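Engineer: Here you go, sequence then predicted model.
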Amino acid sequence: MKIYQILTTLSFGDAVSNDCLAIRKLLIDRGYKTMTFAENIDKRIIENDIKYYNKLPKIKDDDIILYHLSTGTALNRRIKELPGRKFVIYHNITPPDFFVQYSGRLAKLCADGHDETVALKDTFEGGFCDSSFNRDQLISYGFKCPLEVRPILIPFEDYKKEPDQAVIDSMNDGVKNVLFVGRVAPNKCQQDLISMLYAYRKMYKDPIRLILVGSSVGTEKYMARLKCYAEALGLEDVVFTGQIPFSQILAYYRSADAFVCMSEHEGFCVPLTEAMSFDVPILAYDSCAVPETLGGSGAVIGTKDPATVAAYLHEILNNEELRRLMIADQRTRLADFSYDRVAERFMDILTGFIGDRG
């Protein structure tokens, strides 16, 4: 028996790819024979057991397929025809409406992904869902197979690597740093963070800057609109980093005084756990899986009114006792996402599905 992971794209930095690579290492460490196949592979990934999908070998009936589902792709149709025992790893698919005015291609991918997911409802023996939110969505699509919730597998040891000192030095100038990390995309709602910054400047005198870390590849039109919006509001302290090395991401987390998320669609939201691991207090909009991931920690707000969000942020930045309590709660919640705990949860589900060693 072999375990094959299959997905559309394997790259550095996105949550789906990182989860796949972490599962790969876990399976290898536990003694399973495993290989990973993707349609697109970052050239920096050169492991012998990671290959392009067109190199997929003949699969036996007792082999295991772990299929990462997160977008529209021809693989969503091909997976139905493959032999073997198939299990879905569902990361959710962004609703296409977010992309209609910015990218017809991405809107179609998401629309296709939704329809293809519904068409897969009778394909799998079981499924792994990043959150209860994701599980409930599959159930609403008509999935009848057993669906188990397990968080994304995150090797937090990676966050102890050396950060970029030049970035830390540039952020250490007496200005409070408000951070959001995530792809520059309409569902992430970076425009609401810019509105918050404008309101904050009007309401308070203490200086802050907004740092938006994330790639805009494929969403360049949305990025251009964000920059125009910040310029129209006269906001100079909005930092758009684009896609940057991991060492610089670590540096921005280490320099952050608060992490603010106004996203309207998240199937899990890994950056929330990253902020927890750096003891950065979190303020987040109440949407999709965000409250579930926070698990009672951080501050969850049910409005996007810029003045209200700014007032919450001001309290978080300036109330030391509140910050202490928030960080303590976040540390408690972070323990639920420890690598060892999530790894055991994943393996318990896997062996429950396939039997011990298959």
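Structural biologist: Perfect, thanks for sending it.
Engineer: can you pull the pLDDT of Gly358?
Structural biologist: Here the pLDDT value assigned to Gly358 is 46.
Engineer: With Glu47 instead?
Structural biologist: Reading off the model, Glu47 has pLDDT 87.
Engineer: Could you chop this structure up by domain?
Structural biologist: 3-149, 157-336 (automatic domain parsing).
Engineer: Relative to Ala343, which of those is closest?
Structural biologist: For the domains of the chain, the distance to Ala343 is smallest for domain 3-149, at 5.4 Å, taking C-beta to C-beta. For glycine as for every other residue, the C-beta is placed from the backbone atoms N, C-alpha and C.
Engineer: before we move on, the earlier item: nearest to Glu344, of the domains of the chain?
Structural biologist: Taking the domains of the chain one by one with C-beta to C-beta, domain 3-149 is closest: 9.9 Å.
Engineer: Tell me who's in contact with Leu322.
Structural biologist: Residues in contact with Leu322 (C-beta atoms under 8 Å, 6 or more residues apart in numbering) are 281, 315-316.
Engineer: Can you add distance to Gly352 and give the domains of the chain back as JSON lines?
Structural biologist: Shown next, in JSON lines, are the domains of the chain (distance: least, C-beta to C-beta, whole Å):
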{"stretch": "domain 3-149", "distance to Gly352": "8"}
{"stretch": "domain 157-336", "distance to Gly352": "20"}
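Engineer: Out of these, flag the one nearest Phe346.
Structural biologist: Of all the domains of the chain, domain 3-149 comes closest under C-beta to C-beta, at 6.7 Å.
Engineer: just to revisit the earlier point, mind checking the domains of the chain for the one nearest to Thr351?
Structural biologist: Among the domains of the chain, domain 3-149 sits nearest to Thr351 (C-beta to C-beta), with 9.7 Å.
Engineer: Quick one: end-to-end length of that closest one, please.
Structural biologist: 20 Å (C-alpha to C-alpha, to the nearest Å).
Engineer: returning to that earlier point: most neighbours among the contacts of Leu322, which one?
Structural biologist: Within those, neighbour counts (other C-beta atoms under 10 Å) peak at Pro281, which reaches 26 neighbours.
Engineer: what's the distance between that residue and Ala22?
Structural biologist: 26 Å (C-beta to C-beta, to the nearest Å).
Engineer: again with Asn187
Structural biologist: Distance from Asn187 to Ala22, by C-beta to C-beta: 24 Å.
Engineer: For beta bridges, what are the partners of Phe37?
Structural biologist: Ile6, Lys51 (DSSP bridges).
Engineer: Thr8 looks like it's in a strand, true?
Structural biologist: Yes: under DSSP: H, G, I helix; E, B strand; the rest coil, Thr8 falls within a strand.
Engineer: Next one, pLDDT for the residue nearest to it when sequence neighbours are not counted please.
Structural biologist: Nearest non-adjacent residue to Thr8, counting by C-beta to C-beta, 6 or more residues apart in numbering: Thr73, 4.5 Å away. Note for Thr73: predicted pLDDT of 95.
Engineer: Does Thr73 touch Gly113 like I think?
Structural biologist: Yes: judged on C-beta atoms under 8 Å, Thr73 makes contact with Gly113 at a distance of 7.4 Å.
Engineer: check contacts around Leu153.
Structural biologist: Contacts of Leu153 by C-beta under 8 Å, 6+ apart are 19, 22-23, 26, 339, 342-343, 346.
Engineer: Tell me the buried residues within those.
Structural biologist: Buried residues within those, counting neighbours by 16 or more other C-beta atoms under 10 Å: 19, 22-23, 26, 342-343, 346.
Engineer: ok, of the residues you listed, which one's closest to Leu179?
Structural biologist: Asp19 (22.3 Å).
Engineer: if I look at the residue lying closest to that closest one once chain neighbours are set aside, how far off is Pro207?
Structural biologist: Distances taken as C-beta to C-beta, 6+ apart place Ile152 nearest to Asp19, at 4.7 Å, with adjacent residues excluded. Counting by C-beta to C-beta, the gap between Ile152 and Pro207 amounts to 35 Å.
Engineer: Glu116 touches Leu75, doesn't it?
Structural biologist: No: taking contacts as C-beta under 8 Å, Glu116 lies outside contact range of Leu75: 9.0 Å.
Engineer: which neighbours do those two share?
Structural biologist: With C-beta under 8 Å, 6+ apart, Glu116 and Leu75 have no common neighbours.
Engineer: Could you point out which residue ranges in the protein have low pLDDT?
Structural biologist: 356-358 (pLDDT under 70).
Engineer: from the contacts of Leu322, which is closest to Thr36?
Structural biologist: Of the contacts of Leu322, the one sitting nearest to Thr36 (C-beta to C-beta) turns out to be Pro281, at 36.5 Å.
Engineer: how far away is that closest one from Leu350?
Structural biologist: 35 Å.
Engineer: Next: Pro146.
Structural biologist: 12 Å.
Engineer: Those two - which one has more neighbours?
Structural biologist: Neighbour tally, Pro146 and Leu350, criterion other C-beta under 10 Å: the higher count belongs to Leu350, 25 against 13.
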